[in-house]
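Visitor: have a look; sequence and predicted model below, questions after that.
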Amino acid sequence: MIAVPKPLERAIRSPNVPGNPTVSVLVPFAVAGSYSYAVPADIAVAPGDIVTVPLGTRDVIGVVWDDPVDEEIGHNRLRPIAGRFDAPPLSTDLRDFVNWIAAYTLTTKGMVLRMVLRAPGALEPETPIAGVRLAGPPPARMTPARQRVLATLEGGLAWSKSGLAAAAAVSPGVVSGLIEAGTLERVSMPPPPVAMPPDPDFERPTLTDEQDAAATVLRQIVEADRYGVALLDGITGSGKTEVYFEAIAAALARGRQVLVLIPEIALTASFLERFAARFGTRPTEWHSDVTPRMRDRVWRGVATGTVRAVVGARSALYLPYQNLGLIVVDEEHDLAYKQEDRVFYNARDMAVVRGHLGGFPVVLSSATPSIESRVNADAGRYTRLVLTGRYATAELPKITAIDMRKHQPERGRFMSPPLVTAVAETLSAQRQALLFLNRRGYAPLTLCRSCGHRFQCPNCSTWLVEHRFRGALVCHHCGYSEPRPDHCPNCGDTESLVAVGPGVERLAEEVTARFPDARTIVMSSDILGGIQRLRLELESIEKGEVDIIIGTQLVAKGHNFPMLSLVGVVDGDLGLAFGDMRAAERTFQLLSQVTGRAGRSGGTSRALVQTYAPEHPVIRAIVSGDREAFYASEIAARRAAGLPPFGRLAAIVISGPDRTTTQSYAAAFRRAEPAAETIQVLGPAEAPLAVIRGRHRFRLLVQAPRNTDIQTFLRDWLAAAPKPRGSLRVQVDIDPQSFL
Ligand code: ADP
Ligand code: ZN
């Protein structure tokens with residue numbers, strides 16, 4: 001539930017404005033559509049206005065919507081709007097965007113609106129902050145400290161108490177003393193602006209010819225001030241950020257707001273610094289680690305236009321921009337853009353939609369563009385800008401595959417002899433090594449050697465992952481955890497439990513044993529200490545205070561580690577094991593990203609990929625550096641199979657607490673499928689992850705030619721299907737990324 005502030009006190013009432021006495025209001029809940037309300041004579045409202053309306057027994061927040069009103073209900077039977085907030089209305093673009101996403105993803109408009117109204121406090125007037133200013137005669141007893149305070153206050157301005165104490169280099173007690181003496185008085189003052197305006201000309205870089213050519217096209221696109229998508233496709237370290245900063249500068253110079261979407265934004269502190277170095281001030285952050293009070297201030301600042309540059313997670317798409325003129329989607333291929341909760345959508349795609357509806361350009365940036373974006377570029381729908389070289393003397397690492405069939409590690413170890421040698425060489429050259437293993441914890445499976453018992457999650461069909469630092473067995477799907485036992489719960493044998501396979505913690509054990517003098521760090525999203533600790537650790541890596549970094553995909557993305565000259569991929573085949581349609585693409589992207597961390601500041605560097613399948617096309621593409629060959633073959637395969645972007649996919653997941661009921665409902669659901677010649681439906685089949693959080697899951701997959709209106713087909717189907725009763729649930733996922 002969204003916390004709703006009490007209405008009427010803050011309602012703006014304007015006398016007798018003529019207009020439509022009935023309006024539609026959309027409320028941020030999962031209700032079918034908007035509701036009609038009467039407009040009292042003393043309130044004036046227009047579409048986009050944020051209002052409070054009675055719903056059931058409560059007053060809730062809502063937005064005046066453009067839907068036609070319900071003519072059936074007589075005006076005198078309608079309940080009246082309770083009040084209107086003194087906030088800028090949601091723009092037509094934003095309202096269209098909400099409608100569009102709801103229709104595309106088959107969710108209710110209310111649930112999409114809920115993502116817009118995420119900062120309820122923003123609708124309240126900003127709370128003033130306490131300040132002090134000169135009021136009375138100088139104090140009877142004057143000290144040097146008191147004199148400094150009075151000198152600081154000479155301009156007559158009000159200061160916050162702490163700001164004043166700091167500026168005058170005195171303790172806060174000195175200021176309090178002057179208040180008591182009657183020399184200063186307390187006043188309230190408006191809080192400082194939430195953000196300073198970025199300066200497009202603050203520090204212009206000198207671009208290389210290739211960068212400059214791309215930046216020039218981007219500037220032209222921004223200056224044309226209409227919808228268009230550019231795909232900035234450049235290898236890791238080629239300077240994509242520098243180049244899209246020029247597009248941002250152009251948009252800012254035109255007085256427009258800009259939005260940069262970044263996956264894992266909370267971890268990208270260095271991006272904020274780079275932005276500040278280029279534009280003189282940090283951009284405004286928007287993600288789940290921003291405090292509620294700050295979120296309220298940002299929301300308001302975005303709505304009024306004082307916030308000009310936002311960098312954020314996917315939810316930043318739903319901020320109420322006043323004049324958004326550019327969206328940049330960094331690492332556009334990243335899976336973090338796909339939300340799979342309540343409203344299932346891909347923020348990259350929705351950024352393009354928002355640009356289309358708002359009539360402004362969108363820049364997608366990546367070293368490994370998604371197949372979808374690459375096909376759009378090849379078809380001429382997007383402008384593709386290519387950066388082929390690394391900046392300055394930096395060279396791409398030399399990548400080699402290590403055939404694990406020939407170079408086996410010792411039992412219970414995971415580093416092959418060539419990788420061990422390479423790490424040793426890197427250490428003696430006083431450079432950093434990164435060992436990449438995309439598996440959290442100590443071991444993905446624990447089993448009993450005596451009876452074969454395996455530890456499984458009681459709520460999910462998954463093995464429990466041992467986390468040795470925490471002394472626990474943990475489920476990575478539902479978070480279930482239990483202490484690691486010292487004997488088998490099945491046969492009672494002690495000392496029979498063995499860890500099977502490696503996680504980063506186990507790899508760290510091996511590294512410490514092999515290189516006891518190296519400074520080693522494990523980076524994984526579940527290590528205690530959260531974002532703050534991770535940020536500090538990333539900094540210490542950048543400063544060269546670490547020799548060996550062991551990490552999951554957390555370290556693969558975007559970071560600049562200048563000392564890094566060796567990347568070892570411990571299990572190059574891991575991603576390929578999933579076997580879904582995106583396994584090859586994803587593995588290619590992840591391995592390119594992680595190997596691309598090496599050698600970013602010059603010097604020779606290398607990457608070693610341990611694999612049992614060196615002949616696999618993905619591994620071959622990584623090793624040869626022939627990405628064009630990879631794209632060509634992957635695109636050809638998708639085309640031949642009619643898979644996205646050459647065809648359309650939707651997944652339907654039916655889940656419930658009881659297996660039999662869920663299965664028979666899934667079968668009944670399938671029988672209600674409308675006739676459609678070109679659309680193919682597979683399933684229901686038990687999902688690969690058959691149980692999550694105690695819910696049994698069955699999947700259907702809908703495949704259709706590209707130009708099919710798959711939404712109408714699904715809507716008809718949902719309408720014809722028996723209603724899911726009890727706690728059965730039907731979840732539609734358009735353009736699914738996950739097939740689990
Ligand atoms: P990418 O985003 O393509 O991986 P970056 O934009 O992070 O590449 O650039 C890689 C490194 O090279 C960064 O440290 C960046 O500051 C530097 N760099 C790139 N282009 C320039 C330039 N024109 N002038 C100065 N430094 C640059
Ligand atoms: Zn579980």
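Guide: Perfect, thanks for sending it. Quick caveat, the model's predicted, so the values are computed rather than measured. Ligands and ions are numbered 1, 2, ... in the order given.
Visitor: checking Gly726 next. Helix, strand or coil?
Guide: Under DSSP: H, G, I helix; E, B strand; the rest coil, the three-state class of Gly726 is coil.
Visitor: next one: it from Ser461, what distance?
Guide: Counting by C-beta to C-beta, to the nearest Å, the separation of Gly726 from Ser461 is 22 Å. C-beta: built from backbone N, CA, C; applies to glycine.
Visitor: minimum distance to ligand 1, which residue of the stretch 51-200 of the chain gives it?
Guide: In the stretch 51-200 of the chain, the residue that lies nearest ligand 1 is Pro200 (16.3 Å; C-beta to the nearest ligand atom).
Visitor: about what we covered before: ok, Gly726 and Ser461, which is more surrounded?
Guide: Per other C-beta atoms under 10 Å, whichever of Gly726 and Ser461 has more neighbours is Ser461, with 16 against 10.
Visitor: what parts of the stretch 551-700 of the chain come near ligand 1?
Guide: Within the stretch 551-700 of the chain, the positions adjacent to ligand 1 are Asn560 by C-beta under 6 Å from any ligand atom.
Visitor: next to ligand 2 in this structure, residues from the stretch 551-700 of the chain, please.
Guide: By the rule C-beta under 5 Å from the ion, no part of the stretch 551-700 of the chain lies against ligand 2.
Visitor: tell me where the stretch 551-700 of the chain has strands.
Guide: 564-569, 606-611, 647-656, 680-692, 695-705 (DSSP state E, counting those that start in this stretch).
Visitor: any idea how far the worst-scoring helix or strand of the chain on mean pLDDT is from the chain center?
Guide: The weakest-scoring helix or strand in the chain, judged by mean pLDDT, DSSP states H and E, is helix 530-542 (a mean of 85). Relative to its chain's centre, helix 530-542 lies at 19 Å (C-alpha atoms, centre = their mean, to the nearest Å).
Visitor: same question for stretch 158-175.
Guide: 40 Å.
Visitor: compute the first-to-last residue distance for that stretch.
Guide: End-to-end span of stretch 158-175 (C-alpha to C-alpha, to the nearest Å): 13 Å.
Visitor: quick check: closest non-adjacent residue to the closest residue to ligand 1 within the stretch 301-450 of the chain.
Guide: Closest contact between the stretch 301-450 of the chain and ligand 1, by C-beta to the nearest ligand atom, is at Tyr391 (3.5 Å). Nearest-residue entry for Tyr391: Gly239, 4.6 Å, with adjacent residues in sequence omitted and distances by C-beta to C-beta, 6 or more residues apart in numbering.
Visitor: that neighbour reaches Thr388, doesn't it?
Guide: No: under the criterion of C-beta atoms under 8 Å, Gly239 makes no contact with Thr388, lying 11.3 Å away.
Visitor: comparing these two, which residue is more hemmed in?
Guide: Taking neighbours as other C-beta under 10 Å, Gly239 and Thr388 compare with Gly239 leading, 23 against 9.
Visitor: so who does the more buried one touch?
Guide: Contacts for Gly239 (C-beta atoms under 8 Å, 6 or more residues apart in numbering) come out as Leu207, Thr208, Gln211, Leu387, Tyr391.
Visitor: tell me which parts of the protein are close to ligand 1?
Guide: Listed as neighbours of ligand 1 in the chain under the rule C-beta under 6 Å from any ligand atom: 205-208, 211, 234, 236-242, 391, 560.
Visitor: narrow the residues you listed to those in strands?
Guide: Residues of the residues of the chain next to ligand 1 located in strands (DSSP state E): Gly234.
Visitor: ok, of the residues of the chain next to ligand 1, which one's closest to Arg348?
Guide: Lys240 (15.3 Å; C-beta to C-beta).
Visitor: the closest one and ligand 2: what is the separation?
Guide: Applying C-beta to the ion, to the nearest Å, the value for Lys240 to ligand 2 is 38 Å.
Visitor: run a quick neighbour tally on that residue.
Guide: Other residues near Lys240 come to 25 when the count uses other C-beta under 10 Å.
Visitor: my read: it touches Gly234, true?
Guide: Yes: using C-beta under 8 Å, Lys240 makes contact with Gly234 at a distance of 4.7 Å.
Visitor: overlap in contacts of the two?
Guide: In contact with both Lys240 and Gly234: Ser365, Ala367, Leu387, using C-beta under 8 Å, 6+ apart.
Visitor: put the alpha carbons of the least confident helix or strand of the chain into CSV.
Guide: Output of helix 530-542 as CSV, limited to C-alpha atoms (Å, rounded to 0.1, in the frame of the first residue of the first chain):
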residue,chain,number,x,y,z
GLY,A,530,26.4,-4.4,1.9
ILE,A,531,26.9,-1.7,-0.6
GLN,A,532,29.1,0.5,1.6
ARG,A,533,31.6,-2.3,2.0
LEU,A,534,31.6,-3.2,-1.7
ARG,A,535,32.2,0.4,-2.7
LEU,A,536,35.2,0.6,-0.4
GLU,A,537,36.5,-2.7,-1.7
LEU,A,538,36.2,-1.5,-5.3
GLU,A,539,38.2,1.6,-4.3
SER,A,540,40.9,-0.4,-2.7
ILE,A,541,41.2,-2.5,-5.8
GLU,A,542,41.5,0.6,-8.0
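Visitor: my read is that Leu259 contacts Arg308, right?
Guide: No: the pair Leu259 / Arg308 is not scored as a contact, 10.3 Å apart, by C-beta under 8 Å.
Visitor: common neighbours of the two, please.
Guide: In terms of C-beta under 8 Å, 6+ apart, Leu259 and Arg308 are not both contacted by any residue.
Visitor: distance of the nearest residue to Thr462 once chain neighbours are set aside from ligand 2?
Guide: Closest residue to Thr462 apart from its sequence neighbours, by C-beta to C-beta, 6+ apart: His477 at 5.5 Å. Using C-beta to the ion, His477 is found at 5 Å from ligand 2.
Visitor: just give the number of residues close to His477.
Guide: Residues near His477, counting by other C-beta under 10 Å: 16.
Visitor: hang on, it packs against Ala690?
Guide: No: with contacts counted by C-beta under 8 Å, His477 stays clear of Ala690, the gap being 11.4 Å.
Visitor: and the shared contacts of Lys240 and Gly234, which is closest to ligand 2?
Guide: Of all these, ligand 2 sits closest to Ala367, with 34.3 Å by C-beta to the ion.
Visitor: okay, now the nearest residue to that closest one once chain neighbours are set aside: neighbour count?
Guide: Nearest residue to Ala367 in three dimensions, chain neighbours excluded: Thr236, at 4.6 Å (C-beta to C-beta, 6+ apart). By other C-beta under 10 Å, 23 other residues sit near Thr236.
Visitor: again, but for Tyr244
Guide: Neighbours of Tyr244 (other C-beta under 10 Å): 25.
Visitor: ok, it - contacts?
Guide: Contacts of Tyr244 (C-beta under 8 Å, 6+ apart): Leu218, Leu232, Val260, Val328, Asp330, Val363, Ser365.
Visitor: in helices, which of the residues you listed appear?
Guide: Among these, the members falling in helices (DSSP state H) are Leu218.
Visitor: a markdown table for the contacts of Tyr244, including neighbour count, distance to ligand 2 and pLDDT?
Guide: Formatted as a markdown table, these follow (neighbours: other C-beta atoms under 10 Å; distance: C-beta to the ion, whole Å; pLDDT from 0 to 100):
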| residue | neighbour count | distance to ligand 2 | pLDDT |
| --- | --- | --- | --- |
| Leu218 | 27 | 45 | 98 |
| Leu232 | 29 | 40 | 98 |
| Val260 | 24 | 35 | 98 |
| Val328 | 27 | 37 | 98 |
| Asp330 | 23 | 32 | 96 |
| Val363 | 31 | 39 | 98 |
| Ser365 | 26 | 36 | 97 |
